[in-house]
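**Q** what follows is a predicted structure for the sequence shown.
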Amino acid sequence: MTQCRVAIYPGSFDPVTSGHYDIIVRASRLFERLIVAVAPNPSKQPLFTAEERVAILQEVCASLPNVQVECFEGLLVDFAMKCGAQVIVKGLRAVSDFDYELQMALTNKRLCPQVETIFMMTSSEYVFLSSSMVKEIARLGGSVQGLVPKAVEPYLYRKLGRSVPNKETKRG
Ligand code: PNS
């Protein structure tokens, strides 16, 4: 039996959310080494540059010794092979993620049968969460406390030219 020691967790991470971080922590316990792979994705017109997203993730993951953050261009499976990763980790939030994720997993399998995609269910408290949602809340002056790792907040508000709200935006 072959043991999978290196896994890759790809994404745009624009910016990394608490949901992403939850997957990173849980996946880092399953593999000897976890590579968080940042895709530049210019077509999505990201808020942060790829270099900024890598720097933020490095800060957020600093306490996880077997987690490494890298930026990649081109095909994910090529990068996985280059890194010696046998597994692609993806987070699944809801049924709405499934079609797209299945399509990507099958495409990657077709391109590179040696690399396996595994899905981890997002923890229930983050099922609704996305980077787009976080950016919209921050852009409109709401608090993203708890929705992103603490270290992300100042980067986000600074980028949007806003000050960090001092109260959590929870009504009722
Ligand atoms: O966080 P995202 O934007 O959903 O991540 C998407 C990502 C980066 C995982 C996906 O776009 C990707 O794998 N890009 C690399 C290009 C590639 O390999 N495409 C072919 C497989 S679908």
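**A** Yep, that arrived.
**Q** which strand or helix spans residue 162?
**A** Using DSSP states H and E, residue 162 falls within no helix or strand.
**Q** what about the helices in this protein?
**A** With helices called from DSSP state H, the chain shows them at 18-28, 50-60, 76-83, 95-111, 131-139, 152-159.
**Q** most packed of those helices?
**A** The highest mean neighbour count among those, using mean count of other C-beta atoms under 10 Å, belongs to helix 18-28: a mean of 21. C-betas here are computed from N, CA, C, even on glycine.
**Q** so that helix, near the ligand or not?
**A** No: Helix 18-28 is not in contact with the ligand by C-beta under 6 Å from any ligand atom; minimum separation 8.4 Å.
**Q** ok, now how distant is residue 141 from the ligand?
**A** Remark: distance between residue 141 and the ligand (C-beta to the nearest ligand atom, to the nearest Å) = 25 Å.
**Q** use 14 as the first number from now on
**A** From this message on, residue numbering opens at 14, which makes the last subject residue 154.
**Q** was I right about that residue contacting residue 178?
**A** Yes: Residue 154 is within contact range of residue 178, at 6.5 Å (criterion: C-beta atoms under 8 Å).
**Q** who has more neighbours out of these two?
**A** Neighbour comparison, residue 154 and residue 178: the larger count goes to residue 178, with 16 against 12 (by other C-beta atoms under 10 Å).
**Q** ok, that one touching residue 155?
**A** Yes: between residue 178 and residue 155 a contact is recorded at 6.9 Å, counting by C-beta under 8 Å.
**Q** contact partners of stretch 130-137?
**A** 20, 32, 35-36, 39-40, 100-106, 114, 117-118, 121-122, 142 (C-beta atoms under 8 Å, 6 or more residues apart in numbering).
**Q** report the mean confidence score over that stretch.
**A** Mean pLDDT, computed over stretch 130-137, is 96.
**Q** next, the buried residues of that stretch.
**A** 130, 132, 135 (16 or more other C-beta atoms under 10 Å).
**Q** so is that stretch next to the ligand?
**A** No: counting by C-beta under 6 Å from any ligand atom, the ligand has no neighbours in stretch 130-137; the shortest distance is 10.2 Å.
**Q** per-residue confidence for the nearest residue to residue 54 once chain neighbours are set aside?
**A** Nearest non-adjacent residue to residue 54, counting by C-beta to C-beta, 6 or more residues apart in numbering: residue 25, 4.7 Å away. According to the prediction, residue 25 has pLDDT 96.
**Q** what about residue 25, how many residues nearby?
**A** Count around residue 25 with other C-beta under 10 Å applied: 18.
**Q** then residue 161?
**A** As a burial measure, residue 161 scores 25 neighbours (other C-beta under 10 Å).
**Q** which strand residues bridge it?
**A** residue 158 (DSSP bridges).
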